[in-house]
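Undergrad: Give the three-dimensional model of this entry:
(chains A and B)
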Amino acid sequence: MLVTAVEARPLRSLVDVRIELGAGIVSLIGPNGAGKTNFLEALYFALTGRSFRTSDRRDLIPFGGSLARVEAVVCDADGVERRLLASVSRAEGRRHLLDGSPADPATLARNRPPVVVFSPDRLALVKGPPAERRAHLDRFVAARWPSRSELRRRYGQALAQRNALVAQLAGGLGAATELDVWDAALAEAAAALAEARAAAVEELSAPFAEAAGELGLEGRAAIEYVPRAAGSAAEILVGLTERRDADLRLGRTSWGPHLDELKIASAGRSLRRYGSQGQQRAALLALLFAERDALLEARRAPPLLLLDDVMSELDPERRERLVERLDGAGQVLITTTTEESVPGRAKRSVVRMPIAVPHAAAA
Amino acid sequence: MSAEGPAPLARLVAELSRLPGIGQRTAQRLAFHLLRAPDEEAAALAAAIRDVKEKVGLCEQCFNLSEGPLCRICADTSRDRATICVAEEPADVIAIERTHEYRGLYHVLGGALSPIDGVDAEDLKIAELLRRVEGGEVREVVLATNPTTTGEATALQIAELLRGKAAVTRLASGLPVGADLEHADEVTLGKALAGRRSLD
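TA: Residues are numbered from 1 along each chain as shown, chains lettered A, B, ... in the order given. As a prediction, this is how the structure comes out:
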C-alpha cells in the first residue's frame, strides 16, 4: 500500500499544503522550521488518527485556529484509491473517516499501511522504562501475527482481575482459594504472551544485530528478551502459587510478563543506562529496521517509515548503506536539512520545503 | 413552567433519559410522542412497565426470567433433564433458545466472576448449580458463558467444581456461518484454525 498524496488544511504551521508522494524513498529537504516534522506528523495523523509527538490532538490545531484537518490518499496493490481523513476541532472533537464515512479502528487499519516513526521524541523507547518496550514489542507481535493481536489485552484483563482480587484478599475480604481460578487464567494468558514475545525477539535479533552494525553501533549490539515468567501455563501456575503469599502481602501480582524487559545492549552493556545519545538513536533505528526486515521476510506488508532527521549524525558511507537497505520495498520518508546529506539514489524523489505556493505538487 | 416545560413533562424526560441508549434529545422526542398519543396507548405502556416489574421474577430452579415459581422451560416436561446449559444472563438463554437446537434445561448465573466489579462466586448462582447437579439426574453440563476473560474464568471455576460429578463441555468458538472467510477477524480465524476438526 502506498500513500500517494497528503493534504494538510491546516495542521500546525502547514496552512494549505498538498504534497504528492512517489513509491520508495522520498526525501523531504528544507531548513529548520520549514515544516518537515509537521508534515510527517500530518501524514501520521491522517493514517492513524493520532500524533507521535503529543497525546493531546488539539496541539495540532494552528495557533489561533479552531481546527486541524489532514487527508491522505492511499493506493492499494490493485490500484484502488481510498481517502483517509483525520480532523480535530476545538468545538467538535476528533473524527477519522474512510472515504468520507466513519469507520471502526480495525477497518481503518486494514485500509492503510502500518506506520513506523523515527524521531527524537521516540528515544524514550530505548532510554525510557521497560513498559514502553513491552508495548512496542507487543505491537510488533500484532503486526507480525494478527491472530496473536489480542494476547496483550487478554493478559492485561486477567492481570487486572487478579490484582483486584489480591487487593481485596489483602484487605481481609474473602478466601484465598478464590485466587485459584484467576491464577489459572493469568498463567494461561501469561504463557501465550511470553511465547509470542520470545518468538518476536527471536525473529528480530539477527536483523537487529546486522542493522546496528551498519549504523555504526560499535561492540556487538543485541536485543534480548528477559522474561519474568517463562514456560508452559502449568509451570507459570506453579510460580504464581509459590508467590501467592508474597503477593497477598504486597497487595498485587509481583511476577509475570507485565514485568518483562526487552534488553537493548551493546558490548554487553545496557544502552538504556549507559548508551550515549548517538548510540541510543542508532539502537532505535536498528530496532525499527529489524522489524521492517522481519515483516518483509514474513511477506507481510512493510510499514511506511517516517524518518525524521536521521542523516545528520551519520557519515556519508553509513548514509549510503542506510539508503541501500531501505531502497526497494515499501515507502520511506526521510527529512533532512541539507541537500548534501542525501545520497544519490535517494534523490529520485525529492520534496523541497517549505512549500511556497499552495497546491504546489512536487515529486 | 420551567424552560423544560411543565413539571410532569420534565420528569418524564428525565426518567426516559436514564434508559440505556436514550439521550436527552431522544427522551424529549419520546416524551412529546407520549403526550400526543391517545390516552389508552400511553396507559398500555405504563401498565406494561408495571406488570414487568410486578409479575416477572426468577425461576426457582434455573434463575431464568419467569412469570411463576418455575420458568416455561423448567416446567416443560418434554425437555431433556439430564443436560444443563449454564449461561451468564437471561438474554443468553433467549439467544440459545432461538437456535431450536438445544432441548435441555438452563442455569442462569446472573453474571460472571469479576473481582474488579466485586463479583465473586457467592454473587452468582454457582452453589445452586452444584446442588442441582448433585441431585442426580444431570449427566452433562454445557458451559455457555461468554468467551471473555471473566466468562472463561467462570467456566474454569465451574468445571473445577463439577469435576467427577458430571460431564462438562464448553461451547466451541469459531467462524460465523455464512460469512466469507476473508472478512473474519484474525483472532477468531486463529481460534477456528486451532479448533479445527477432522472430516473422517
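Undergrad: which residue does chain B bring closest to chain A?
TA: Proximity of chain B to chain A (CB to the nearest CB) peaks at B:G190, 2.8 Å away. The C-beta positions use only the backbone N, C-alpha and C, and glycine is treated the same way.
Undergrad: ok, now how distant is the closest residue to that residue other than its chain neighbours from A:L248?
TA: Take B:G190 and drop its neighbours on the chain: the residue closest to it by CB to CB, 6 or more residues apart in numbering or on different chains is A:S147, 2.8 Å away. A:S147 sits 35 Å away from A:L248, going by CB to CB, to the nearest Å.
Undergrad: Next: A:T4.
TA: 58 Å.
Undergrad: Also A:P257?
TA: With the distance defined as CB to CB, A:P257 ends up 20 Å from A:L248.
Undergrad: buried residues in the lengthiest helix in chain B?
TA: When chain B is scanned for its longest helix (criterion: DSSP state H), the result is helix B:39-55. Across helix B:39-55, burial judged by 16 or more other CB atoms under 10 Å in any protein chain shown covers no residue at all.
Undergrad: Could you check how far it is from the centre of its chain?
TA: Computed by CA atoms, centre = their mean, to the nearest Å, the chain-centroid distance of helix B:39-55 equals 23 Å.
Undergrad: which other residues reach that helix?
TA: Contacts with helix B:39-55, where a contact means CB atoms under 8 Å, 6 or more residues apart in numbering or on different chains, come from B:L34, B:E67.
Undergrad: got the end-to-end distance for stretch B:122-142?
TA: The separation between the terminal residues of stretch B:122-142, taken as CA to CA, to the nearest Å, is 21 Å.
Undergrad: got a list of contacts for it?
TA: B:61, B:63, B:81-86, B:102, B:104, B:107-113, B:121, B:154, B:157-158, B:161-162, B:165-171.
Undergrad: where along the chain do the helices fall?
TA: Since no chain was named, I'll use chain A. A:36-48, A:105-110, A:124-127, A:130-144, A:151-170, A:179-214, A:233-242, A:244-250, A:271-274, A:277-297, A:316-326.
Undergrad: Chain B was what I was after
TA: In chain B, the helices defined using DSSP H lie at B:7-16, B:24-36, B:39-55, B:72-75, B:90-98, B:126-134, B:149-162, B:186-194.
Undergrad: which one of these is the most hemmed in?
TA: Highest mean neighbour count among the helices of chain B (mean count of other CB atoms under 10 Å in any protein chain shown): helix B:149-162, with a mean of 22.
Undergrad: So which elements touch it?
TA: helix A:151-170, helix A:179-214, helix B:126-134, strand B:140-143, strand B:167-170 (3 or more CB pairs under 8 Å, 6 or more residues apart in numbering or on different chains; DSSP states H and E).
Undergrad: and it, average pLDDT?
TA: The pLDDT scores in helix B:149-162 average 94.
Undergrad: Tell me what angle the longest helix of chain B forms with helix B:24-36.
TA: With axes from the mean of the first three to the mean of the last three CA atoms, to 10 degrees defining the directions, helix B:39-55 sits at 120 degrees from helix B:24-36.
Undergrad: okay, now A:A233: neighbour count?
TA: 18 (other CB atoms under 10 Å in any protein chain shown).
Undergrad: who's in contact with the nearest residue to it once chain neighbours are set aside?
TA: Closest residue in space to A:A233, ignoring its immediate chain neighbours: A:A191 at 4.1 Å, by CB to CB, 6+ apart. Shown in contact with A:A191 (CB under 8 Å, 6+ apart): A:G231, A:S232, A:A233, A:E235, A:I236.
Undergrad: Tell me the spacing between A:A191 and chain B.
TA: Distance of A:A191 to chain B, given as CB to the nearest CB, to the nearest Å: 14 Å.
Undergrad: Contact partners for the residue of chain B closest to chain A?
TA: A:P146, A:S147, A:R148.
Undergrad: pLDDT value on residue 175, please?
TA: Here I'm looking at chain A. So, for A:A175, pLDDT stands at 86.
Undergrad: that's the wrong chain, I wanted chain B
TA: Looking at B:L175, the pLDDT reads 83.
Undergrad: same question, A:D59
TA: For A:D59, pLDDT reads 94.
Undergrad: hey, which of the helices of chain A is tucked in deepest?
TA: Of all the helices of chain A, helix A:36-48 has the most neighbours on average by mean count of other CB under 10 Å, namely a mean of 25.
Undergrad: now for that one, which elements pack on it?
TA: Helix A:36-48 is packed against strand A:2-8, strand A:17-20, strand A:24-29, strand A:67-75, strand A:81-89, strand A:115-118, strand A:304-307, strand A:331-336, with contacts defined by 3+ CB pairs under 8 Å, 6+ apart.
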